[in-house]
Every structure is written in structure tokens, then in C-alpha cells.
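Student: can you look at this prediction? I've put the sequence above it.
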Amino acid sequence: MELQKVNGHSKEDGFDSLDAMNPEREEFLPHKPDGKKETHFTDFEGKTSFGMSVFNLSNAIMGSGILGLAFAMSNTGIILFIILLFFITILSAYSIHLLLKSAGVVGIRAYEQLGNRAFGPPGKIVAACIITVHNIGAMSSYLFIVKSELPLVIQAFLGKTENTGEWFLNGNYLIIIVSICIILPLALMKQLGYLGYTSGFSLTCMVFFLSSVIYKKFNIPCPLEDYQNTNHSHTVVVEDFCEAKMFTINSQTAYTIPILAFAFVCHPEVLPIYTELRDANKKRMQKVANISILAMFVMYLLTAIFGYLTFYGAVESELLHTYIRVDPLDVLMLCVRLAVLVAVTLTVPVVLFPIRRAVMQILFPDKPFHWARHIIIAFCLIFVVNLLVIFVPSIRDIFGIIGATSAPSLIFILPGIFYVRIVPEEQEPLMSRPKIQAACFAGLGFVFMVMSLSFIIIDWVTGESRSGGGH
């Protein structure tokens with residue numbers, strides 16, 4: 001069978017670069033003359049529809065960082081924020097283009113195997129480790145939101161003004177229940193495409209969040225008396241709080257680019273989604289990516305603008321906390337908090353799939369699909385993440401290091417150097433414009449990494465607490 005022959009190629013980590021040039025030109029154009037489609041490096045024919053793939057990738061892009069974008073805008077001003085957001089959006093789409101082009105040249109649709117083709121086994125291990133570390137950090141951040149927010153939501157719906165110690169108000173118990181009842185069953189699905197339905201519901205929850213932010217803009221007066229009376233770090237006059245800034249530069253402005261870059265990290269999920277896309281070709285998958293990125297650009301922009309124009313100088317680094325301070329028992333915002341909790345919970349299984357694939361590539365590269373292995377790896381990953389969330393009281397600095405190193409690597413550095421190494425010189429010479437652009441793109445990732453690490457070190461040295469939300 002063709003599929004058996006293809007899996008044989010996967011054991012050799014792709015095709016010879018020169019031999020792959022012709023199949024690439026055929027397979028990744030919209031249609032082949034004979035109407036047939038070849039499948040490379042996949043256990044099954046892609047069955048996921050275009051729409052479900054958009055939902056999955058959009059859900060992978062959208063993280064908890066959306067809650068910090070209004071704060072980021074308050075530290076840049078509206079115009080500068082829009083410029084930076086547009087800049088990062090274009091770079092993210094270009095990054096996925098490099099990734100898909102590299103994957104197409106050698107007929108490989110696994111991030112780790114691209115690393116193997118570019119740099120041999122060390123490249124494969126490095127790519128798998130970066131994906132694993134980054135996504136475990138992302139999963140942990142989502143469950144930390146569940147741990148901190150879900151008890152407060154339950155407490156508010158019960159009309160309690162304080163936590164009275166019941167087991168159902170204990171965040172540690174709640175994340176275990178959520179993991180067992182919701183996350184684990186979804187993570188056990190064989191194909192990522194099946195999560196398109198939960199991803200669609202997750203995105204619906206975030207649209208509800210955005211709609212509520214827009215609605216609240218016209219129902220919350222400025223200034224906030226509570227902020228004026230209790231904030232000890234500001235001595236500015238009232239007008240400063242209720243005046244939108246177009247351009248602003250302050251001590252936290254430099255954090256905005258890393259925050260926005262991290263908010264678009266979805267690259268570990270791109271190739272698994274590509275593998276499962278029905279009638280897959282590079283042009284079709286690029287269209288999935290472009291629509292997903294554009295949708296998130298619109299959601300991010302609207303959330304930031306209306307969140308900022310609601311609270312101006314009083315906006316906090318976590319937008320929901322600002323609403324809660326205005327009215328802790330506001331039913332609408334309680335529903336919004338619950339919707340955000342549902343959204344981040346349903347994102348965890350989508351993030352888990354690339355980690356499991358990375359583990360499989362390292363430990364069992366030549367093994368066919370097996371349910372026992374599939375289930376055990378998912379259970380172990382969720383178990384480890386739960387332990388992190390329960391027993392580590394504050395891993396903000398660990399997440400900072402992970403985000404500052406893995407996010408630029410996944411968005412900029414790896415796609416850029418994979419493109420330079422994998423695309424044959426016969427097709428594009430080393431000094432051709434596309435390869436020079438890819439090399440500069442990877443260099444930009446190193447600049448982001450150094451910049452982000454520098455901010456974290458400055459935080460540690462000065463002892464200041466700065467946060468703006470991460471992916």
C-alpha cells in the first residue's frame with residue numbers, strides 16, 4: 001500500500017532533498033494533473049475539514065495573553081500598539097510560510113523531523129525539547145488560571161464574600177477534577193482534528209469575553225474612584241486616567257513586543273494540524289494559518305482597545321481583575337470569567353498533542369500508533385503538569401525563562417534556520433533573497449530572546465514585579 005511505503009520514508013526522516021523537489025512541486029500545488037494526492041509522514045489520510053482546522057489553529061494561537069493586551073496598550077499608546085501588533089502578525093504569517101515551505105520540500109510534516117533533516121539527531125532532540133518545554137509551560141499557565149479563578153467564580157456564584165475552606169473551593173482539588181473529567185478524555189482522542197468542535201466552543205467563549213468587554217466600555221464610568229483612592233503609586237491628576245494616549249514610552253513599554261510575540265505562538269501545532277487537514281497542500285494550509293492569524297489579530301486589537309478605553313490609566317496587567325475590582329459580584333463579568341476558564345481548559349488538549357508527538361519522536365520514532373502508548377503518554381503529561389501547578393507556589397520566573405527562550409525559538413529562529421538548511425541550493429542559492437530574509441528572520445529571533453532575557457534579569461536584580469500576560 002502507498003501508506004506503508006510512506007511510513008517507510010518516515011523512518012528515514014524524509015526523502016532526499018533533490019528527489020523531493022519534483023514531488024513537492026506537484027503535491028503542494030492546488031491540484032495535480034491526475035487528481036491524486038500523496039501522503040507523507042502521517043499515520044492516516046487527512047480527514048479534518050478546513051473550518052475545523054481553522055478552529056484548532058485559532059484556539060492554539062489564543063492564549064491567556066489576551067488578558068494582558070489592554071495593559072500592554074496602556075504602556076505603548078494606541079497607535080504604537082497597533083503598529084506593533086500588525087508587525088508581529090505579519091511576522092507570524094511569514095514564519096508559518098517558512099515552516100510549511102521547509103516541510104513541503106522534504107515531504108515531512110513534523111517539527112522534530114525537520115530538525116533532524118536540518119541538523120541530524122541533535123536538531124531533532126533540540127526541536128522536540130523546545131516544543132515540550134514550551135507547551136508544558138503553556139499547559140501549566142492555563143491550569144494556574146483554573147486553580148486561581150475557578151474557586152473565586154464558584155465562591156461568587158454561591159454568594160460568599162470569602163473562602164470558607166470547603167473542598168470545592170480548593171483550587172488544587174478543582175484542577176484535578178477538571179483534568180480528569182474534561183482534559184484527559186479530550187487528550188485521549190486519536191486525531192487532533194476531532195478537537196475542532198471543542199476549539200470552536202472555546203473560541204465562542206472568547207467572543208463572549210470580547211463582547212462583554214465592548215459592552216462594559218459604555219457602562220463603566222471613568223475615573224474609577226477605588227483606583228484613585230487606593231493606588232499609592234500614582235500622583236497624576238484625574239484627567240490623566242481618562243485620556244487615551246496615542247504614543248507612550250515608559251519602563252514597561254519594552255515588554256510589549258515579547259508579550260505580543262508570545263501571544264501568536266502556535267507553531268508546534270501547525271504541522272500536526274497540516275497532517276490532518278483534508279486535501280492538504282501548502283497553499284491550503286497557509287490559507288488556514290492566514291485566516292486564523294487574521295481572526296486573532298482582530299480579537300486581540302478589539303480586546304486591547306476597548307479594555308484600555310474602559311480603564312485608561314487604571315487598567316491592570318490582568319484585565320479581568322480590573323472588572324472584578326469595580327464590582328466583585330457583577331453577574332455578567334462572573335459569566336465572562338467562567339467563559340475564559342472554559343476557553344483555557346479546552347485549549348489544554350490542543351497544546352498537549354504536539355508534546356505527545358515530540359515525546360513519540362524522541363522515544364518511539366519507528367513505532368506505529370498504539371493506543372496504550374497514546375494513553376499512557378497523555379496521562380503522564382497531565383499528571384506532571386498537575387504536580388507543577390499544585391506544588392510549585394510561584395513559577396512566574398520559570399515561565400519567564402521558558403517564554404523568553406522557547407517562544408522566539410519556535411516563531412523565529414527554528415523556522416528561519418530550517419528554511420536555510422533544508423531548501424536545496426539548486427532551488428534557492430544561499431545568497432538568494434528568500435534565504436537572506438529567512439536568515440535575518442532567525443537573527444531577529446535572537447534579538448527578541450536576548451531582549452526578553454534581559455528584562456527578566458533586570459526584574460530579578462531590581463526586585464520589581466512586572467507582568468503583562470503571556471501566551
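Tutor: Now that the structure is in, tell me what you want to look at.
Student: name the helices or strands packed onto the longest helix along the chain?
Tutor: Of all the segments assigned as helix in the chain under DSSP state H, the longest by residue count is helix 121-157. Using 3 or more CB pairs under 8 Å, 6 or more residues apart in numbering; DSSP states H and E, the elements in contact with helix 121-157 are helix 111-119, helix 171-178, helix 267-276, helix 331-363, helix 371-391, helix 396-408. Yep, even glycine has a C-beta here, placed from its N, CA and C like the rest.
Student: tell me the most buried of those helices?
Tutor: Highest mean neighbour count among these (mean count of other CB atoms under 10 Å): helix 267-276, with a mean of 26.
Student: give me the helices and strands touching it, please.
Tutor: Going by 3+ CB pairs under 8 Å, 6+ apart, helix 267-276 lies up against helix 50-61, helix 78-106, helix 111-119, helix 121-157, helix 282-311, helix 331-363.
Student: make JSON lines out of these and add distance to E426 and mean pLDDT.
Tutor: As requested, the helices and strands packed on helix 267-276 are exported to JSON lines (distance: least, CB to CB, whole Å; pLDDT from 0 to 100):
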{"stretch": "helix 50-61", "distance to E426": "32", "mean pLDDT": "87"}
{"stretch": "helix 78-106", "distance to E426": "11", "mean pLDDT": "89"}
{"stretch": "helix 111-119", "distance to E426": "16", "mean pLDDT": "86"}
{"stretch": "helix 121-157", "distance to E426": "22", "mean pLDDT": "85"}
{"stretch": "helix 282-311", "distance to E426": "19", "mean pLDDT": "91"}
{"stretch": "helix 331-363", "distance to E426": "28", "mean pLDDT": "86"}
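Student: please work out the angle formed by the directions of the longest helix of the chain and helix 371-391.
Tutor: If you take axes from the mean of the first three to the mean of the last three CA atoms, to 10 degrees, helix 121-157 sits at 60 degrees to helix 371-391.
Student: quick check: buried residues in helix 121-157?
Tutor: 123-125, 127-128, 130-147, 149-156 (16 or more other CB atoms under 10 Å).
Student: repeat for stretch 420-439
Tutor: 420-423, 428, 434-435, 438-439.
Student: from those, which is closest to R356?
Tutor: Here the nearest of these to R356, counting by CB to CB, is I422; it sits at 24.4 Å.
Student: touching, T347 and I145? I think so.
Tutor: No: taking contacts as CB atoms under 8 Å, T347 lies outside contact range of I145: 10.3 Å.
Student: which residue in the buried residues of stretch 420-439 has the weakest pLDDT?
Tutor: Across the buried residues of stretch 420-439, the smallest pLDDT goes to E428, namely 82.
Student: could I get the phi/psi values of that residue?
Tutor: phi -140, psi 110 (degrees, to the nearest 10).
Student: check contacts around it.
Tutor: Neighbour list for E428: 434-435 [criterion: CB atoms under 8 Å, 6 or more residues apart in numbering].
Student: thinking again about what came up before, what's the angle from the longest helix of the chain to helix 267-276?
Tutor: Going by the same axes, to 10 degrees, helix 121-157 makes 100 degrees with helix 267-276.
Student: one step back: and of the helices and strands packed on helix 121-157, who's closest to T253?
Tutor: With CB to CB as the yardstick, what comes closest out of these is helix 396-408 (17.1 Å).
Student: give the next helix or strand downstream of the closest one.
Tutor: Tracing the chain past helix 396-408, the next element assigned as helix or strand by DSSP states H and E is helix 414-422.
Student: got the CA positions of that next one in PDB?
Tutor: Extracted in PDB, the C-alpha atoms of helix 414-422 (Å, rounded to 0.1, in the frame of the first residue of the first chain):
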ATOM      1  CA  LEU A 414      13.900  27.400  14.100                       C
ATOM      2  CA  PRO A 415      11.700  28.200  11.000                       C
ATOM      3  CA  GLY A 416      14.400  30.600   9.700                       C
ATOM      4  CA  ILE A 417      17.300  28.200  10.000                       C
ATOM      5  CA  PHE A 418      15.300  25.200   8.900                       C
ATOM      6  CA  TYR A 419      14.400  27.100   5.700                       C
ATOM      7  CA  VAL A 420      18.100  28.000   5.100                       C
ATOM      8  CA  ARG A 421      19.300  24.400   5.700                       C
ATOM      9  CA  ILE A 422      16.500  22.400   4.100                       C
END
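Student: distance from the next helix or strand after that helix to the middle of the chain?
Tutor: Using DSSP H and E, the next helix or strand after helix 414-422 towards the C-terminus is helix 433-462. Chain-centre distance of helix 433-462: 18 Å, with CA atoms, centre = their mean, to the nearest Å.
Student: repeat that for stretch 171-178.
Tutor: On CA atoms, centre = their mean, the centre of stretch 171-178 falls 23 Å from the chain's centre.
Student: which one, of the helices and strands packed on helix 267-276, ends up nearest to S317?
Tutor: helix 282-311 (11.5 Å).
Student: same for the very next helix or strand once past the closest one, what does it pack against?
Tutor: Downstream of helix 282-311, the next assigned helix or strand under DSSP H and E is helix 319-326. Packing partners of helix 319-326 (3+ CB pairs under 8 Å, 6+ apart): helix 69-74, helix 225-230, helix 282-311, helix 331-363.
Student: out of these, flag the one nearest R325.
Tutor: helix 225-230 (6.0 Å).
Student: model confidence over that closest one, on average?
Tutor: For helix 225-230, the mean per-residue pLDDT is 49.
Student: list the residues that contact the closest residue to I66 other than its chain neighbours.
Tutor: In this structure, I66 finds its nearest non-sequential neighbour in T303, 5.6 Å apart by CB to CB, 6 or more residues apart in numbering. With contact set as CB under 8 Å, 6+ apart, T303 has these partners: 66, 69-70, 209-210, 213, 319.
Student: if anything else comes up later, I'll come back, but that's it for now.
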